[in-house]
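Got a sequence here, can you model it:
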Amino acid sequence: MCNNIRIESELDGVFEKTGYDVEERNPFSVYGLGAVQGPKKDTYQCRQHKKIDCEKCFDWVKIIKMDAGYPIGDDSSYLDTLD
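Presented below is the predicted three-dimensional model:
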């Protein structure tokens, strides 16, 4: 729930337009999105950039919008690029 609250303001309008309920969504796993163990205990980093909490690979607002079926523009294959 805490993570949802952090990005809630950036998702204004998504829920009303799509009927998506962020509280009812299936959780995302960073490892399912291509994360690997980070250099320190309890950290993760992206495989592609080797960056902890990479804004490009772990753009949670974009990931949730795509999961909700919200139009993203030309980034419709975003999740496919994380494999």
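
Can you report how many residues neighbour Glu10?
Glu10 has 12 neighbours, counted by other CB atoms under 10 Å. Any C-beta I mention is one placed from the backbone N, CA and C, and that applies to glycine too.

Lys50 and Gly34: what is the separation?
12 Å (CB to CB, to the nearest Å).

These two: which is more packed in?
Gly34 (17 against 11).

Need the pLDDT of that one.
On the pLDDT scale, Gly34 is placed at 87.

right, and it touches Gln45 too?
No. Applying CB atoms under 8 Å, one finds Gly34 not in contact with Gln45, separated by 10.0 Å.

any idea how far Asp59 is from Ile72?
10 Å.

now stretch 68-83: mean pLDDT?
Mean predicted lDDT for stretch 68-83 stands at 58.

Ok, stretch 11-18 next?
Stretch 11-18 comes out at a mean pLDDT of 77.

nearest spatial neighbour of Gln48, skipping sequence neighbours?
Cys57 (6.2 Å; CB to CB, 6 or more residues apart in numbering).

Check the spatially most central residue of the chain and give its pLDDT.
For the chain, Trp60 is the residue whose C-alpha lies nearest the centre (CA atoms, centre = their mean; 2.8 Å). Looking at Trp60, its pLDDT is 86.

Any figure for the gap between it and Phe28?
8 Å.

do the same with Cys54
14 Å.

Between the two, point out the one with more neighbours.
Cys54 (18 against 15).

who's in contact with that one?
The neighbours of Cys54, taking CB atoms under 8 Å, 6 or more residues apart in numbering as the test, are Gln45, Cys46, Gln48.

Please tabulate those residues in TSV, including the columns pLDDT and neighbour count.
Formatted as TSV, those follow (pLDDT from 0 to 100; neighbours: other CB atoms under 10 Å):
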residue	pLDDT	neighbour count
Gln45	94	20
Cys46	93	21
Gln48	92	13
